[in-house]
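**Student:** How does the following fold in three dimensions:
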Amino acid sequence: MEFAVGTGIALTALAISWAALVWQKRGGSFKRMHYTAYYELLTLQRGEEAIESLIDGPISVNLEPGGRRLVLPMVFELRLANTGKAPILQSDFASPLTIRFGNLCNFVGGSMEVNRGSISEFFGEDPFELGDGCLQIKPFLMNPGDEVTLSGILNGPVDEKGIEVSGRISGVETFGRLKPKGTGIRMTAGVRSMIFERMEDWPAAGRIQAKVIVIRKFLPLDDIAPGATEGHISTRLNGTPVRDMHTVAFTLEALADGATELDQGSITFETTESTFLDCEVELDGTKLSGQHARHLVTWSGKKVSIRSRRIRRGQDLVVRFVTEGDAEDLRVTRMPSCITDIQIMRMAIVEDPLGRNLLDMQPRFLLFSQRAHRKFHMDMPRIKDFSQRSREIVTRILHGG
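**Tutor:** As a prediction, the model looks like this:
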(Lines give C-alpha, C1' and ligand atoms only; values in the text may rest on other atoms or scores of the structure.)
Protein backbone atom coordinates (compact mmCIF):
# COMPACT_ATOMS: atom_id res chain seq x y z
CA MET A 1 0.00 0.00 0.00
CA GLU A 2 2.80 2.39 0.95
CA PHE A 3 4.54 1.48 -2.28
CA ALA A 4 1.39 2.31 -4.29
CA VAL A 5 0.96 5.64 -2.52
CA GLY A 6 4.61 6.51 -3.05
CA THR A 7 4.40 5.52 -6.69
CA GLY A 8 1.29 7.68 -7.13
CA ILE A 9 2.98 10.66 -5.55
CA ALA A 10 6.04 10.19 -7.72
CA LEU A 11 3.94 9.90 -10.88
CA THR A 12 1.98 13.00 -9.90
CA ALA A 13 5.18 14.97 -9.32
CA LEU A 14 6.55 13.70 -12.63
CA ALA A 15 3.38 14.75 -14.42
CA ILE A 16 3.51 18.21 -12.86
CA SER A 17 7.17 18.58 -13.80
CA TRP A 18 6.48 17.42 -17.35
CA ALA A 19 3.55 19.86 -17.68
CA ALA A 20 5.70 22.69 -16.33
CA LEU A 21 8.48 21.83 -18.79
CA VAL A 22 6.06 21.77 -21.73
CA TRP A 23 4.56 25.07 -20.54
CA GLN A 24 7.98 26.70 -20.35
CA LYS A 25 9.01 25.43 -23.79
CA ARG A 26 5.86 26.93 -25.22
CA GLY A 27 6.79 30.28 -23.75
CA GLY A 28 4.44 29.95 -20.80
CA SER A 29 5.05 31.52 -17.45
CA PHE A 30 3.15 32.28 -14.29
CA LYS A 31 4.31 35.86 -14.68
CA ARG A 32 3.24 37.73 -17.77
CA MET A 33 3.02 41.38 -18.73
CA HIS A 34 1.36 42.68 -21.88
CA TYR A 35 0.91 46.19 -23.17
CA THR A 36 -0.55 48.03 -26.10
CA ALA A 37 -0.08 51.66 -27.15
CA TYR A 38 -1.73 54.00 -29.60
CA TYR A 39 -0.77 57.53 -30.64
CA GLU A 40 -2.02 60.22 -33.01
CA LEU A 41 -1.21 63.75 -34.11
CA LEU A 42 -3.09 66.20 -31.88
CA THR A 43 -4.47 68.21 -34.78
CA LEU A 44 -7.29 66.71 -36.82
CA GLN A 45 -5.90 68.24 -40.00
CA ARG A 46 -3.22 65.96 -41.43
CA GLY A 47 -0.53 66.17 -44.08
CA GLU A 48 2.65 68.20 -44.56
CA GLU A 49 0.81 71.52 -44.63
CA ALA A 50 -0.77 70.87 -41.23
CA ILE A 51 2.56 69.88 -39.68
CA GLU A 52 4.30 72.94 -41.16
CA SER A 53 1.52 75.12 -39.73
CA LEU A 54 2.11 73.70 -36.26
CA ILE A 55 5.85 74.32 -36.51
CA ASP A 56 5.97 77.68 -38.29
CA GLY A 57 2.42 78.81 -38.94
CA PRO A 58 -0.07 80.91 -36.99
CA ILE A 59 -1.61 77.96 -35.12
CA SER A 60 0.36 76.37 -32.31
CA VAL A 61 0.15 74.17 -29.22
CA ASN A 62 1.99 75.54 -26.20
CA LEU A 63 3.18 74.21 -22.88
CA GLU A 64 2.17 76.42 -19.95
CA PRO A 65 3.27 78.29 -17.98
CA GLY A 66 5.69 80.10 -20.23
CA GLY A 67 4.05 79.28 -23.53
CA ARG A 68 6.83 77.07 -24.95
CA ARG A 69 5.73 76.00 -28.42
CA LEU A 70 5.50 72.26 -29.01
CA VAL A 71 7.21 71.23 -32.24
CA LEU A 72 4.99 68.26 -33.07
CA PRO A 73 2.28 67.62 -30.47
CA MET A 74 1.22 63.99 -30.30
CA VAL A 75 -1.37 62.36 -28.06
CA PHE A 76 -1.10 58.78 -26.86
CA GLU A 77 -2.64 56.13 -24.68
CA LEU A 78 -0.79 53.12 -23.26
CA ARG A 79 -2.29 50.22 -21.35
CA LEU A 80 -0.16 47.85 -19.29
CA ALA A 81 -1.58 44.66 -17.76
CA ASN A 82 -0.44 41.75 -15.60
CA THR A 83 -1.85 38.88 -17.63
CA GLY A 84 -0.09 36.13 -15.68
CA LYS A 85 -1.11 34.00 -12.75
CA ALA A 86 1.26 35.44 -10.16
CA PRO A 87 1.82 38.91 -8.72
CA ILE A 88 4.79 41.00 -9.84
CA LEU A 89 6.43 42.38 -6.70
CA GLN A 90 8.52 45.47 -6.19
CA SER A 91 11.43 43.19 -5.37
CA ASP A 92 11.03 41.51 -8.80
CA PHE A 93 12.17 44.68 -10.57
CA ALA A 94 15.89 44.89 -11.32
CA SER A 95 15.41 48.38 -12.79
CA PRO A 96 12.63 50.91 -13.36
CA LEU A 97 10.03 50.18 -15.99
CA THR A 98 10.86 52.28 -19.06
CA ILE A 99 8.35 53.62 -21.58
CA ARG A 100 10.26 54.72 -24.69
CA PHE A 101 8.70 57.19 -27.12
CA GLY A 102 11.61 58.05 -29.40
CA ASN A 103 14.96 59.78 -29.52
CA LEU A 104 13.32 63.05 -30.61
CA CYS A 105 10.11 62.64 -28.62
CA ASN A 106 9.52 63.71 -25.03
CA PHE A 107 6.69 63.21 -22.57
CA VAL A 108 5.01 66.56 -21.81
CA GLY A 109 2.22 65.61 -19.42
CA GLY A 110 -0.84 63.49 -18.98
CA SER A 111 -2.85 61.38 -16.59
CA MET A 112 -2.91 57.83 -15.24
CA GLU A 113 -5.73 55.45 -14.37
CA VAL A 114 -5.78 52.07 -12.61
CA ASN A 115 -8.56 49.52 -12.86
CA ARG A 116 -8.87 49.00 -9.12
CA GLY A 117 -7.77 50.76 -5.98
CA SER A 118 -6.04 54.13 -6.10
CA ILE A 119 -2.97 55.33 -7.95
CA SER A 120 -1.10 55.90 -4.69
CA GLU A 121 -1.76 52.28 -3.70
CA PHE A 122 -0.21 51.18 -6.99
CA PHE A 123 2.80 53.45 -7.15
CA GLY A 124 3.31 55.30 -3.88
CA GLU A 125 4.75 58.82 -3.94
CA ASP A 126 6.75 60.34 -6.85
CA PRO A 127 6.88 57.18 -8.97
CA PHE A 128 7.92 58.82 -12.27
CA GLU A 129 11.20 60.05 -13.67
CA LEU A 130 11.60 61.81 -17.02
CA GLY A 131 14.45 60.80 -19.31
CA ASP A 132 15.48 61.65 -22.86
CA GLY A 133 12.74 60.25 -25.05
CA CYS A 134 11.30 58.13 -22.25
CA LEU A 135 9.34 57.99 -19.02
CA GLN A 136 10.48 55.71 -16.19
CA ILE A 137 8.24 54.19 -13.50
CA LYS A 138 9.76 53.04 -10.24
CA PRO A 139 9.14 49.42 -9.10
CA PHE A 140 5.56 48.74 -7.99
CA LEU A 141 3.27 45.89 -7.05
CA MET A 142 1.11 44.52 -9.86
CA ASN A 143 -1.32 41.73 -9.03
CA PRO A 144 -2.83 39.40 -11.67
CA GLY A 145 -5.50 41.31 -13.60
CA ASP A 146 -4.16 44.72 -12.63
CA GLU A 147 -4.20 47.29 -15.45
CA VAL A 148 -2.58 50.70 -15.72
CA THR A 149 -3.60 53.20 -18.42
CA LEU A 150 -1.35 56.16 -19.14
CA SER A 151 -2.51 58.88 -21.52
CA GLY A 152 -1.09 62.26 -22.38
CA ILE A 153 0.78 64.53 -24.75
CA LEU A 154 4.17 64.11 -26.41
CA ASN A 155 6.40 66.62 -28.14
CA GLY A 156 8.11 65.33 -31.27
CA PRO A 157 7.84 62.32 -33.58
CA VAL A 158 7.41 58.82 -32.15
CA ASP A 159 9.97 56.29 -33.41
CA GLU A 160 8.99 54.01 -36.28
CA LYS A 161 8.85 51.07 -33.87
CA GLY A 162 6.19 52.90 -31.90
CA ILE A 163 5.95 53.28 -28.15
CA GLU A 164 7.83 50.48 -26.37
CA VAL A 165 7.92 49.21 -22.78
CA SER A 166 11.05 47.55 -21.40
CA GLY A 167 12.64 46.54 -18.12
CA ARG A 168 14.08 43.60 -16.20
CA ILE A 169 11.56 41.77 -14.04
CA SER A 170 12.22 38.46 -12.37
CA GLY A 171 10.21 35.70 -14.03
CA VAL A 172 9.14 37.87 -17.00
CA GLU A 173 11.22 37.02 -20.04
CA THR A 174 9.69 39.55 -22.44
CA PHE A 175 6.98 42.17 -22.50
CA GLY A 176 4.34 41.10 -25.00
CA ARG A 177 3.35 44.05 -27.19
CA LEU A 178 0.00 43.84 -28.92
CA LYS A 179 -0.88 46.06 -31.83
CA PRO A 180 -3.91 48.36 -31.60
CA LYS A 181 -6.98 47.01 -33.32
CA GLY A 182 -7.58 50.22 -35.25
CA THR A 183 -5.80 53.24 -36.63
CA GLY A 184 -6.98 56.73 -37.28
CA ILE A 185 -9.57 58.85 -35.54
CA ARG A 186 -13.15 57.85 -36.24
CA MET A 187 -15.63 60.65 -36.82
CA THR A 188 -19.31 60.96 -37.56
CA ALA A 189 -20.94 63.50 -39.87
CA GLY A 190 -24.35 65.04 -39.32
CA VAL A 191 -25.92 66.95 -42.21
CA ARG A 192 -28.99 69.17 -42.10
CA SER A 193 -30.49 72.11 -43.91
CA MET A 194 -30.12 75.54 -42.31
CA ILE A 195 -33.38 76.60 -43.98
CA PHE A 196 -35.73 73.60 -44.00
CA GLU A 197 -36.66 71.31 -41.11
CA ARG A 198 -37.46 68.20 -43.13
CA MET A 199 -35.25 66.54 -45.74
CA GLU A 200 -38.17 65.98 -48.10
CA ASP A 201 -38.57 69.75 -48.30
CA TRP A 202 -35.02 70.33 -49.55
CA PRO A 203 -35.30 72.00 -52.96
CA ALA A 204 -33.14 71.53 -56.02
CA ALA A 205 -29.91 73.53 -56.04
CA GLY A 206 -30.18 77.11 -57.25
CA ARG A 207 -27.57 78.92 -59.31
CA ILE A 208 -25.15 78.59 -56.43
CA GLN A 209 -24.90 75.55 -54.21
CA ALA A 210 -23.93 76.56 -50.66
CA LYS A 211 -22.62 74.37 -47.83
CA VAL A 212 -21.02 74.84 -44.43
CA ILE A 213 -18.61 72.38 -42.80
CA VAL A 214 -17.71 72.57 -39.08
CA ILE A 215 -14.89 70.52 -37.56
CA ARG A 216 -12.61 70.72 -34.52
CA LYS A 217 -9.01 71.79 -35.05
CA PHE A 218 -7.65 69.52 -32.30
CA LEU A 219 -8.59 66.37 -30.47
CA PRO A 220 -10.37 67.28 -27.22
CA LEU A 221 -7.62 67.57 -24.63
CA ASP A 222 -9.88 66.82 -21.67
CA ASP A 223 -10.71 63.41 -23.18
CA ILE A 224 -7.02 62.56 -23.40
CA ALA A 225 -5.51 64.15 -20.30
CA PRO A 226 -8.17 65.47 -17.91
CA GLY A 227 -7.16 68.87 -16.61
CA ALA A 228 -4.62 69.46 -19.39
CA THR A 229 -6.49 72.56 -20.53
CA GLU A 230 -6.46 74.04 -17.03
CA GLY A 231 -3.17 75.87 -17.23
CA HIS A 232 -0.96 73.11 -18.66
CA ILE A 233 -1.58 73.12 -22.42
CA SER A 234 -2.92 75.92 -24.62
CA THR A 235 -3.83 76.16 -28.29
CA ARG A 236 -2.96 79.50 -29.84
CA LEU A 237 -3.55 81.58 -32.93
CA ASN A 238 -0.80 84.12 -33.67
CA GLY A 239 0.36 83.76 -30.08
CA THR A 240 -3.04 84.39 -28.50
CA PRO A 241 -4.65 81.51 -26.56
CA VAL A 242 -7.85 80.19 -28.15
CA ARG A 243 -10.06 77.64 -26.42
CA ASP A 244 -12.24 75.17 -28.29
CA MET A 245 -10.69 76.00 -31.67
CA HIS A 246 -12.70 74.96 -34.74
CA THR A 247 -12.63 75.33 -38.50
CA VAL A 248 -15.81 76.64 -40.13
CA ALA A 249 -15.64 76.43 -43.92
CA PHE A 250 -18.22 78.02 -46.25
CA THR A 251 -18.21 76.47 -49.73
CA LEU A 252 -20.04 77.95 -52.71
CA GLU A 253 -20.19 76.30 -56.13
CA ALA A 254 -21.63 78.23 -59.09
CA LEU A 255 -23.74 76.03 -61.36
CA ALA A 256 -24.68 78.88 -63.74
CA ASP A 257 -23.82 82.51 -64.50
CA GLY A 258 -25.48 85.29 -62.53
CA ALA A 259 -28.31 87.42 -63.88
CA THR A 260 -29.85 90.31 -61.94
CA GLU A 261 -28.48 89.90 -58.42
CA LEU A 262 -27.04 93.35 -57.80
CA ASP A 263 -29.37 94.20 -54.94
CA GLN A 264 -29.20 90.90 -53.08
CA GLY A 265 -25.99 89.20 -54.11
CA SER A 266 -24.54 88.53 -50.64
CA ILE A 267 -25.18 85.68 -48.25
CA THR A 268 -24.75 86.53 -44.56
CA PHE A 269 -24.15 84.30 -41.52
CA GLU A 270 -24.14 85.34 -37.88
CA THR A 271 -23.35 83.80 -34.48
CA THR A 272 -23.47 85.13 -30.95
CA GLU A 273 -21.71 82.36 -29.00
CA SER A 274 -18.61 81.88 -31.17
CA THR A 275 -16.05 84.23 -32.72
CA PHE A 276 -14.52 84.29 -36.22
CA LEU A 277 -10.79 84.87 -35.74
CA ASP A 278 -8.91 84.24 -38.98
CA CYS A 279 -9.97 83.99 -42.62
CA GLU A 280 -8.49 82.18 -45.61
CA VAL A 281 -10.12 82.34 -49.04
CA GLU A 282 -9.60 80.00 -52.00
CA LEU A 283 -11.08 80.38 -55.47
CA ASP A 284 -10.82 77.29 -57.69
CA GLY A 285 -8.13 75.90 -55.40
CA THR A 286 -5.96 79.05 -55.45
CA LYS A 287 -5.43 80.95 -52.22
CA LEU A 288 -6.30 84.63 -52.61
CA SER A 289 -4.38 87.54 -51.15
CA GLY A 290 -6.05 89.66 -48.50
CA GLN A 291 -6.89 92.40 -51.01
CA HIS A 292 -8.52 90.01 -53.50
CA ALA A 293 -10.29 88.12 -50.73
CA ARG A 294 -11.99 91.31 -49.53
CA HIS A 295 -13.71 91.64 -52.92
CA LEU A 296 -15.56 88.43 -52.09
CA VAL A 297 -15.78 88.30 -48.28
CA THR A 298 -16.29 90.75 -45.44
CA TRP A 299 -16.35 89.63 -41.83
CA SER A 300 -16.21 90.69 -38.22
CA GLY A 301 -16.02 88.70 -35.00
CA LYS A 302 -19.64 87.51 -35.19
CA LYS A 303 -20.68 88.05 -38.81
CA VAL A 304 -19.63 86.83 -42.27
CA SER A 305 -20.91 88.13 -45.63
CA ILE A 306 -19.98 86.43 -48.92
CA ARG A 307 -20.69 88.18 -52.23
CA SER A 308 -22.09 85.17 -54.02
CA ARG A 309 -23.13 87.15 -57.10
CA ARG A 310 -19.46 87.58 -58.05
CA ILE A 311 -18.95 83.84 -58.50
CA ARG A 312 -19.19 82.72 -62.11
CA ARG A 313 -20.25 79.43 -63.68
CA GLY A 314 -17.91 76.56 -62.77
CA GLN A 315 -16.12 78.44 -60.01
CA ASP A 316 -15.70 77.04 -56.48
CA LEU A 317 -15.23 79.40 -53.55
CA VAL A 318 -14.02 78.19 -50.16
CA VAL A 319 -14.01 80.63 -47.23
CA ARG A 320 -12.29 78.97 -44.28
CA PHE A 321 -12.36 80.46 -40.78
CA VAL A 322 -10.62 79.59 -37.54
CA THR A 323 -13.18 80.11 -34.79
CA GLU A 324 -13.29 80.09 -31.02
CA GLY A 325 -16.27 77.85 -30.34
CA ASP A 326 -18.19 75.46 -32.56
CA ALA A 327 -20.65 78.02 -34.03
CA GLU A 328 -23.52 75.88 -32.78
CA ASP A 329 -25.89 78.85 -33.06
CA LEU A 330 -24.79 79.79 -36.60
CA ARG A 331 -27.73 81.15 -38.58
CA VAL A 332 -28.45 82.66 -41.98
CA THR A 333 -29.61 86.28 -41.73
CA ARG A 334 -29.57 87.06 -45.46
CA MET A 335 -29.86 84.76 -48.44
CA PRO A 336 -30.02 85.85 -52.10
CA SER A 337 -32.41 84.30 -54.61
CA CYS A 338 -29.51 82.55 -56.38
CA ILE A 339 -29.27 80.18 -53.39
CA THR A 340 -32.25 77.96 -52.58
CA ASP A 341 -30.82 76.04 -49.62
CA ILE A 342 -27.77 75.88 -47.35
CA GLN A 343 -26.70 72.57 -45.87
CA ILE A 344 -24.44 72.38 -42.83
CA MET A 345 -22.27 69.39 -41.95
CA ARG A 346 -20.84 68.93 -38.47
CA MET A 347 -18.01 66.47 -37.95
CA ALA A 348 -17.98 64.94 -34.46
CA ILE A 349 -15.26 62.79 -32.91
CA VAL A 350 -16.34 59.40 -31.63
CA GLU A 351 -16.15 59.26 -27.85
CA ASP A 352 -12.79 58.15 -26.38
CA PRO A 353 -10.86 58.50 -29.67
CA LEU A 354 -7.68 56.84 -28.39
CA GLY A 355 -9.07 54.25 -26.00
CA ARG A 356 -11.27 52.63 -28.62
CA ASN A 357 -8.16 51.69 -30.59
CA LEU A 358 -6.64 49.67 -27.75
CA LEU A 359 -7.06 45.94 -27.59
CA ASP A 360 -9.31 44.47 -24.94
CA MET A 361 -6.82 43.63 -22.22
CA GLN A 362 -8.36 40.34 -21.16
CA PRO A 363 -6.11 37.37 -20.29
CA ARG A 364 -8.25 34.98 -22.33
CA PHE A 365 -7.31 36.96 -25.44
CA LEU A 366 -3.73 37.70 -24.52
CA LEU A 367 -2.72 34.16 -23.54
CA PHE A 368 -2.83 32.76 -27.05
CA SER A 369 -0.26 30.27 -28.24
CA GLN A 370 3.24 31.25 -29.33
CA ARG A 371 2.42 30.12 -32.86
CA ALA A 372 -0.63 32.39 -33.05
CA HIS A 373 1.44 35.19 -31.57
CA ARG A 374 4.10 34.80 -34.30
CA LYS A 375 1.48 34.69 -37.06
CA PHE A 376 -0.19 37.80 -35.69
CA HIS A 377 3.03 39.79 -35.92
CA MET A 378 3.98 38.28 -39.30
CA ASP A 379 0.65 39.43 -40.73
CA MET A 380 0.91 42.93 -39.31
CA PRO A 381 3.31 44.41 -41.95
CA ARG A 382 0.96 43.41 -44.77
CA ILE A 383 -2.07 44.77 -42.91
CA LYS A 384 -0.15 47.94 -42.08
CA ASP A 385 0.84 48.48 -45.74
CA PHE A 386 -2.77 48.03 -46.85
CA SER A 387 -3.99 50.46 -44.19
CA GLN A 388 -1.33 52.99 -45.19
CA ARG A 389 -2.42 52.89 -48.85
CA SER A 390 -6.04 53.32 -47.80
CA ARG A 391 -5.14 56.31 -45.61
CA GLU A 392 -3.22 57.92 -48.48
CA ILE A 393 -6.26 57.66 -50.75
CA VAL A 394 -8.56 59.16 -48.11
CA THR A 395 -6.03 61.95 -47.42
CA ARG A 396 -5.93 62.92 -51.10
CA ILE A 397 -9.72 63.07 -51.22
CA LEU A 398 -10.12 65.09 -48.01
CA HIS A 399 -7.13 67.42 -48.21
CA GLY A 400 -6.34 67.56 -51.91
CA GLY A 401 -2.85 66.22 -51.27
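
**Student:** only C-alpha atoms for contact and neighbour calcs from this point on.
**Tutor:** Fine.

**Student:** Would you agree residue 30 is in contact with residue 86?
**Tutor:** Yes: counting by Cα atoms under 8 Å, residue 30 does reach residue 86; the two are 5.5 Å apart.

**Student:** need the helices for the stretch 101-250 of the chain, in chain order.
**Tutor:** In the stretch 101-250 of the chain, the segments counted as helices under DSSP state H, counting those that start in this stretch are 119-123, 221-224.

**Student:** Could I get the average pLDDT for the shortest one?
**Tutor:** Read it as helix 221-224. In this model, helix 221-224 carries a mean pLDDT of 68.

**Student:** same deal with the first one?
**Tutor:** Averaging pLDDT along helix 119-123 yields 83.

**Student:** That one packs against which elements?
**Tutor:** The contact analysis (3 or more Cα pairs under 8 Å, 6 or more residues apart in numbering; DSSP states H and E) places helix 119-123 against strand 106-114.

**Student:** Given the strand it packs on, what are its sheet partners and their directions?
**Tutor:** Strand 106-114 sits in its sheet next to strand 147-155 (antiparallel), going by DSSP bridges.

**Student:** quick one: contacts of the partner strand?
**Tutor:** With contact meaning Cα atoms under 8 Å, 6 or more residues apart in numbering, strand 147-155 is reached by 70-82, 105-115, 224-225.

**Student:** And these, which of them are buried?
**Tutor:** Taking 16 or more other Cα atoms under 10 Å as the criterion, what is buried in the contacts of strand 147-155 is 70-82, 105-110, 114, 224-225.

**Student:** still on that earlier bit, dump the helices of the stretch 101-250 of the chain into a markdown table; add distance to residue 354 as well.
**Tutor:** Formatted as a markdown table, those follow (distance: least, Cα to Cα, whole Å):
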| stretch | distance to residue 354 |
| --- | --- |
| helix 119-123 | 21 |
| helix 221-224 | 8 |
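
**Student:** out of these, which comes closest to residue 156?
**Tutor:** Nearest to residue 156 among these is helix 221-224 (17.2 Å), distances taken as Cα to Cα.

**Student:** The spatially closest residue to residue 116 that is not a sequence neighbour: neighbour count?
**Tutor:** Counting by Cα to Cα, 6 or more residues apart in numbering, residue 146 is the residue found nearest to residue 116 once chain neighbours are left out, at 7.3 Å. When neighbours are defined as other Cα atoms under 10 Å, residue 146 has 19 of them.

**Student:** what's the distance between residue 146 and residue 125?
**Tutor:** Residue 146 sits 19 Å away from residue 125, taking Cα to Cα, to the nearest Å as the criterion.

**Student:** swap in residue 38?
**Tutor:** Between residue 38 and residue 125 the distance is 27 Å, computed by Cα to Cα.

**Student:** Compare the two and say which one has the larger neighbour count.
**Tutor:** Applying other Cα under 10 Å to residue 38 and residue 125 shows that residue 38 carries more neighbours, namely 24 against 10.

**Student:** Where does that one sit: helix, strand or coil?
**Tutor:** strand (DSSP: H, G, I helix; E, B strand; the rest coil).

**Student:** For it, list the residues it contacts.
**Tutor:** Neighbouring residues of residue 38 by Cα under 8 Å, 6+ apart: 76-78, 163, 180, 354, 357-358.

**Student:** Could you tell me which of these belong to strands?
**Tutor:** Those of the contacts of residue 38 mapping onto strands are 76-78, per DSSP state E.

**Student:** could you dump these to a markdown table with distance to residue 55 and pLDDT?
**Tutor:** As requested, the ones in strands among the contacts of residue 38 are arranged in a markdown table below (distance: Cα to Cα, whole Å; pLDDT from 0 to 100):
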| residue | distance to residue 55 | pLDDT |
| --- | --- | --- |
| 76 | 20 | 91 |
| 77 | 23 | 90 |
| 78 | 26 | 91 |
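
**Student:** so where's the stretch 251-400 of the chain uncertain?
**Tutor:** Within the stretch 251-400 of the chain, the segments meeting pLDDT under 70 span 258-264, 359-400.

**Student:** where along it do the strands fall?
**Tutor:** 266-270, 275-283, 286-287, 297-299, 303-307, 316-324, 331-334, 342-349 (DSSP state E, counting those that start in this stretch).
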